[in-house]
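Fold the following.
(one chain, ligands or ions: 2)
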Amino acid sequence: MANLLLGCIADDFTGATDLANNLVRAGMRVVQTIGVPEAPLDAEVDAVVVALKSRTIPAPEAVAQSLAALRWLQGQGRGGVAPRIYFKYCSTFDSTPHGNIGPVAEALMDALDCGFTVATPAFPDNGRTIFKGYLFVGDVLLNESGMQNHPLTPMTDSSLVRVLQAQCTRKVGLIDHAVVARGADAVAARIAQLQSEGVGIAIVDALSNDDLLRTGPALAALPLVTAGSGLAIALPANFGLAPSARASALPPAGGLRAVVSGSCSLATNRQVADFVRRGGAALPIDPLRIAAGVDVAAEALAWAASRMAQGPVLVYSTAEANVTKAVQERLGVEEAGAMVERTIAAVARGLVERGVRQLVVAGGETAGACVQALGIAQLQIGPQIDPGVPWCHARSGAAADGGLHVALKSGNFGGDDFFTRAFEALP
Ligand SMILES: Nc1ncnc2c1ncn2[C@@H]1O[C@H](COP(=O)(O)OP(=O)(O)O)[C@@H](O)[C@H]1O
Ligand SMILES: O=C(O)[C@@H](O)C(=O)COP(=O)(O)O
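Ligands and ions are numbered 1, 2, ... in the order given. Down below sits the predicted model:
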């Protein structure tokens, strides 16, 4: 029965679970769908996050997919009342010079007849803060954080007003920290002032969760908000919901345990090293052997078969930048990425066919490939492992019997011992 309060559109899969995680922690029951569902919602939940892979595709395609998601979400409201809409993008505001954040936000505003909305990628729990419209990652500005070298979405300007203005036809403004610090009434007054000045979208400063919590009530009447996952901690209260253990309840976990990782981010490199240092069973995958035609997935599955009964196994292509660069020079960036993704996805599927029922997947693109290979259409969101990464439960797909517990870890998220500790966080 459809009864949705909040409908969310996320521009990638790990980002979608990140958003869902924060909504759950603030008291909402949430499912994440992989793409736009064809059927109506059949789960009793407060929010749905539609996970798209629209971050780096051409802007018109991102707009079309986001509008399709919007149309589906609007059909799932409670008693005919359309849900509020949340457009989720990366906490490092990952976008190309022409989009896709601005074009998608404006298309959603047009479709919702929404005269004003906010934009805030702040995620203080993971060190993303905004001051005077400038985005910081930890102690440094965005354009000094490593994101300036991102292969697809290099972020070379930390001024979010400037970045978003370049992507928008509407005027972009700022609700700065001095206003946010004074609370929801001050934010509401500033919104009214900005609207009278012709501003359509405002970046909102936030240095802490308290700033986001102060901002939330001022946004209750907006049909649309756009943000990273951080703002999600403040919205369930607008619907009268409070944190509860019930929101993150999942079926009990069983079966074998495994981690597959195609992420080459610094955090994942540390996590692989930590797992190996603790004596965990770990198998590296060499992309050059895949390119040479070796059935690396079959080898990995044969290796795992004799080890899985003893504890979690890790199969990884994770490597440091100089190694991946050499591989990319030999094979091409896209070809190397796609080949490794296909192999890791085949390993993930094979592991589940052999009894794995608790699976951690590291890497955004990798997660997309694995979720598709596993035939997962929908994920129920459960307890948080680390900020931005929850356990989820899939009923359908390769593990239809009793379902599969899966955690999709964004490359940059998680503590060093994530691959060990994740399994301890499951009920
Ligand atoms: N050893 C490797 N050499 C080259 N490319 C790799 C290697 N390992 C993984 N990749 C590719 O790098 C990309 C990593 O992206 P992703 O999975 O999104 O991780 P993250 O979330 O850390 O960015 C994927 O396309 C993956 O297939
Ligand atoms: O907001 C965030 O930082 C994450 O939810 C996210 O979107 C990360 O993307 P990837 O690093 O590509 O997984």
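
would you list every one of the helices in the stretch 201-350 of the chain?
209-215, 266-277, 287-291, 296-305, 321-331, 333-353 (DSSP state H, counting those that start in this stretch).

and of these, who's closest to ligand 1?
Ranking the helices of the stretch 201-350 of the chain by proximity to ligand 1 (CB to the nearest ligand atom) places helix 333-353 first, at 2.9 Å. Just so you know, the C-beta spots here come from the backbone N, C-alpha and C atoms, and that holds for glycine as well.

mean confidence for that closest one?
The average pLDDT within helix 333-353 is 95.

for the helices of the stretch 201-350 of the chain, which one sits closest to ligand 2?
helix 266-277 (9.5 Å).

now Pro287, nearest residue through space, not along the chain?
Closest residue in space to Pro287, ignoring its immediate chain neighbours: Val327 at 4.9 Å, by CB to CB, 6 or more residues apart in numbering.

on that earlier part again, can I get the helices of the stretch 201-350 of the chain in CSV with mean neighbour count and distance to Val30?
Converted to CSV, the helices of the stretch 201-350 of the chain look like this (neighbours: other CB atoms under 10 Å; distance: least, CB to CB, whole Å):
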stretch, mean neighbour count, distance to Val30
helix 209-215, 20, 18
helix 266-277, 19, 24
helix 287-291, 17, 35
helix 296-305, 17, 32
helix 321-331, 14, 34
helix 333-353, 21, 23
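
mind putting those helices in TSV, distance to Gly228 included?
Below are the helices of the stretch 201-350 of the chain laid out as TSV (distance: least, CB to CB, whole Å):
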stretch	distance to Gly228
helix 209-215	10
helix 266-277	17
helix 287-291	31
helix 296-305	34
helix 321-331	25
helix 333-353	24
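
Arrange those helices in TSV, one row each, with distance to ligand 2 as further columns.
Below are these laid out as TSV (distance: least, CB to the nearest ligand atom, whole Å):
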stretch	distance to ligand 2
helix 209-215	14
helix 266-277	10
helix 287-291	19
helix 296-305	23
helix 321-331	15
helix 333-353	12
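
Look up phi and psi at Val356.
The phi/psi pair for Val356 (degrees, to the nearest 10) reads phi -70, psi 130.

Tell me which residues are up against the one helix or strand His405 maps to.
Assigned by DSSP states H and E, His405 falls within strand 404-409. With CB atoms under 8 Å, 6 or more residues apart in numbering as the test, strand 404-409 has contacts from 13-14, 17, 250, 253, 263, 268, 352, 356-363, 367, 371, 374, 376, 379, 382, 385, 389-394, 397-398, 418, 422, 426.

Inside strands: which ones of those?
Judged by DSSP state E, the contacts of strand 404-409 include 356-362, 379, 382, 385, 389-394 as members of strands.

Now for those residues, which sits with the most neighbours around it?
Ala362 (33 neighbours; other CB atoms under 10 Å).

who's in contact with it?
Contacts for Ala362 (CB under 8 Å, 6+ apart) come out as Val259, Val260, Ser261, Gly262, Ser263, Thr268, Gln271, Tyr316, Thr318, Lys409, Gly411, Phe419.

Show me what from the stretch 51-200 of the chain comes close to ligand 2.
Applying CB under 6 Å from any ligand atom, one finds that the stretch 51-200 of the chain approaches ligand 2 through Cys90, Ser91, Thr92, Phe123.

if we can go back for a sec, name the nearest of the contacts of Ala362 relative to ligand 1.
Closest approach between the contacts of Ala362 and ligand 1, by CB to the nearest ligand atom: Gly411, at 2.0 Å.
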